[in-house]
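> what shape does this take:
(2 chains)
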Number of protein chains: 2
Amino acid sequence: MAAVSVAVVSDYPANVTITESVTRDGLQSLGAVVPTAAKSGLIDSLAGAGLRTFDAVSFVSPKWVPQMADGAEVIAGVETKGLRLMGLVPNMEGLENAVAAGVTDIGVLTAASDTFCERNLNASVDESMHRIRRILFDGPDDIRVRAYISTATHCPYEGPQEPDWVADLALTLAEWGVQEIFLGDTIGMATPAEVNALLDEVLTQVPAENIGVHFHDTYGQAIANTVVALQRGIDKMDSSAGGLGGCPFAPGASGNVATEDLIWLLDGLGIGHGVDVGTVAEVADEFCTKHELAYRSRAGRAILAARRLEEEST
Amino acid sequence: MAAVSVAVVSDYPANVTITESVTRDGLQSLGAVVPTAAKSGLIDSLAGAGLRTFDAVSFVSPKWVPQMADGAEVIAGVETKGLRLMGLVPNMEGLENAVAAGVTDIGVLTAASDTFCERNLNASVDESMHRIRRILFDGPDDIRVRAYISTATHCPYEGPQEPDWVADLALTLAEWGVQEIFLGDTIGMATPAEVNALLDEVLTQVPAENIGVHFHDTYGQAIANTVVALQRGIDKMDSSAGGLGGCPFAPGASGNVATEDLIWLLDGLGIGHGVDVGTVAEVADEFCTKHELAYRSRAGRAILAARRLEEEST
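Numbering: from 1, shown residues only, chains lettered A, B, ... in the order given. From the prediction side, this is the model:
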């Protein structure tokens, strides 16, 4: 591939909505087992930092993901009122459990790649799309549905994915009335080139206001990819406090982009979000220490280290 | 600051020159003591990955930086021919020693902030500029001189710096004939907003072909900042293998941007550089293991982890 000139007209959104994903995607991809009350408490503490939207829990079968079996109890344990608490739902049984648990949003899943879809959802892409269709039909009207397209740039089994195919999936979901369609770089291999190529296609089919991004920092590109998405007007992004998360295809590698690193970027760009970065860092660091997890946010490490240095010198 | 619309015309360079900084800036800011032969050997091993330009050693007084006292011996120990090996030179005595040691390039230092300059170079910005002037006068004609402007966006003591003041310094250096002027985000606080604001001013005074960037990843923004610099046509950047480096103002935080993360970005964007990312990761990981240093490249961790997983499955 040769380097090419591209004209980008940047129009950063004035505000973005951060979906805090640590209690669901973060802990799930780490494979970490954390007590139920600690998950509810983490949501409350992060709400204290200003976060309002959470990828909170999952209602997949406990056979698949045993450490996520306590979704209903986690939701019940959250004390803060007025939060958006999303439950991930793979099928009709999951939908019933999520509704019974009182989530405000449900998350549904498909993927660009059939192989990834089969291994993670036990369904082809077509089957997963039809499941989403059924959930949309049967779900209560007052519950918002967010759809994730995983492996939207790269699949760990099939390699790079075709942007126009992802755009077709997004268009179908939009036609079905899904208001929030999230594009996932599930294994964090994308650079701004692939993100721009993907958005070139998707944004011709679906308005930016209906698109969100779910980036992983596995190869250190997540903040750069976020800049590209912001330049295209995307205003919805997932992140995980403390950078908690991992990548099953590269054990020990970084996972979800850290909420603290994302906020540092947004603050620099003057984009509103309503979250205090220092509080997120403190809460996540304390959580990591208590549950023996590695704290991974770069901005958070720097903020906390600079604070300690200042305390020592006064 | 309100979010604003900005028009950016991207014109990525076709090729980039990476200056590998691990043996000088990386190890110096970590405060790591590594045997002389290991530093020479690391340069040779990284040259084997395709790297050709090195921020290799420093000729500052051993009183200031004892672990960098072996600059001449490190240069003498490098076996690979045809490399650009830069020695950092703070004054006339350092210049003599660097020339005697046979470096191909010398690096000279100033800063945007007087306080930082005083504490690091024991000179005001004016004094450091005049020292550079003397070095330019007295240095041999066949040695290339690169000038660094540290704290070009933020100073740990004085806070944000004025872009037009940095542009004035860059213009003066360019008028003196310095071909390579590197802008340093010494403490890694900048986001693409500050980098764009800085380049807006600097590039009105000095052509992009004479500007390089030295980014630190302390707050996780270095790769995003690199994208912005590339979009402005900057084709010279420093990085450190394994992400080795640190930040004295946030002990334990990340330091120099990792060479592996930078290469992953450049490969994605189709920008040439001549370096094999997997070899850099292997070399840096082995070096870290041997010298008990934390390996910090995200891309490198992912590449090495994915390789181990593949080896285990075959």
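> can you give me the strands in the stretch 51-200 of chain A?
For the stretch 51-200 of chain A, the strands defined by DSSP state E, counting those that start in this stretch occupy A:53-58, A:84-88, A:105-111, A:144-150, A:154-155, A:159-160, A:180-185.
> among these, which is the most enclosed?
Highest mean neighbour count among these (mean count of other CB atoms under 10 Å in any protein chain shown): strand A:53-58, with a mean of 28. For the C-beta atoms, the positions are set from N, CA and C on the backbone; glycine is no exception.
> just give the number of residues close to the closest residue to A:Gly233 other than its chain neighbours.
Closest residue to A:Gly233 apart from its sequence neighbours, by CB to CB, 6 or more residues apart in numbering or on different chains: A:Ala208 at 3.9 Å. Neighbourhood size, A:Ala208 [other CB atoms under 10 Å in any protein chain shown]: 17.
> mind listing what A:Ala208 touches?
The contact partners of A:Ala208, by CB atoms under 8 Å, 6 or more residues apart in numbering or on different chains, come to A:Arg232, A:Gly233, A:Ile234, A:Asp235.
> which residues touch the closest residue to the last one other than its chain neighbours?
Translated: A:Asp235. Leaving aside its sequence neighbours, A:Asp235 sits nearest to A:Pro13 (CB to CB, 6+ apart; 3.8 Å). By CB under 8 Å, 6+ apart, A:Pro13 lies in contact with A:Leu230, A:Gly233, A:Ile234, A:Asp235, A:Ile271, B:Ala3.
> and the closest residue in space to A:His291 that isn't next to it in sequence, what are its phi and psi?
Take A:His291 and drop its neighbours on the chain: the residue closest to it by CB to CB, 6+ apart is A:Val34, 5.5 Å away. When quoted as degrees, to the nearest 10, the phi and psi of A:Val34 stand at phi -130, psi 140.
> low-confidence ranges, chain A, go.
Applying pLDDT under 70 to chain A picks out residues A:1-10.
> and if we set it to 90?
Low-confidence regions of chain A, defined by pLDDT under 90, span residues A:1-11, A:29-33, A:60-69, A:90-93, A:120-121, A:138-139, A:141, A:246-254, A:310, A:312-314.
> just the ones of the contacts of A:Pro13 in strands?
Here DSSP state E is the test, and the contacts of A:Pro13 give no hits in strands at all.
> out of everything not next to it in sequence, what's closest to the closest residue to chain B within the stretch 201-314 of chain A?
The stretch 201-314 of chain A approaches chain B most closely through A:Gly268 (2.6 Å), counting by CB to the nearest CB. Distances taken as CB to CB, 6+ apart put B:Thr191 closest to A:Gly268, at 2.6 Å, once the chain neighbours are dropped.
> wait, the one you found sits on B:Gln221?
Yes. Assessed by CB atoms under 8 Å, B:Thr191 is found in contact with B:Gln221 at 5.1 Å.
> what do those two both touch?
Here B:Thr191 and B:Gln221 have A:Trp264, A:Leu265, A:Gly268 as joint contacts, going by CB under 8 Å, 6+ apart.
> secondary structure and neighbour count for the residues you listed - can I get that in a markdown table?
Converted to a markdown table, these look like this (DSSP: H, G, I helix; E, B strand; the rest coil; neighbours: other CB atoms under 10 Å in any protein chain shown):
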| residue | secondary structure | neighbour count |
| --- | --- | --- |
| A:Trp264 | helix | 26 |
| A:Leu265 | helix | 26 |
| A:Gly268 | helix | 21 |
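> need the contact list for the residue of the stretch 101-250 of chain A at minimum distance from chain B.
At 2.7 Å from chain B, A:Thr191 is the closest residue in the stretch 101-250 of chain A, using CB to the nearest CB. By CB under 8 Å, 6+ apart, the contact set of A:Thr191 is A:Tyr219, A:Gln221, A:Ala224, A:Asn225, B:Trp264, B:Leu265, B:Asp267, B:Gly268, B:Leu269.
> contacts only, for the second one.
In other words, A:Gln221. Listed by CB under 8 Å, 6+ apart, the contact partners of A:Gln221 are A:Gly188, A:Met189, A:Ala190, A:Thr191, A:Pro192, A:Phe215, B:Ile223, B:Asp261, B:Trp264, B:Leu265, B:Gly268, B:Ala299.
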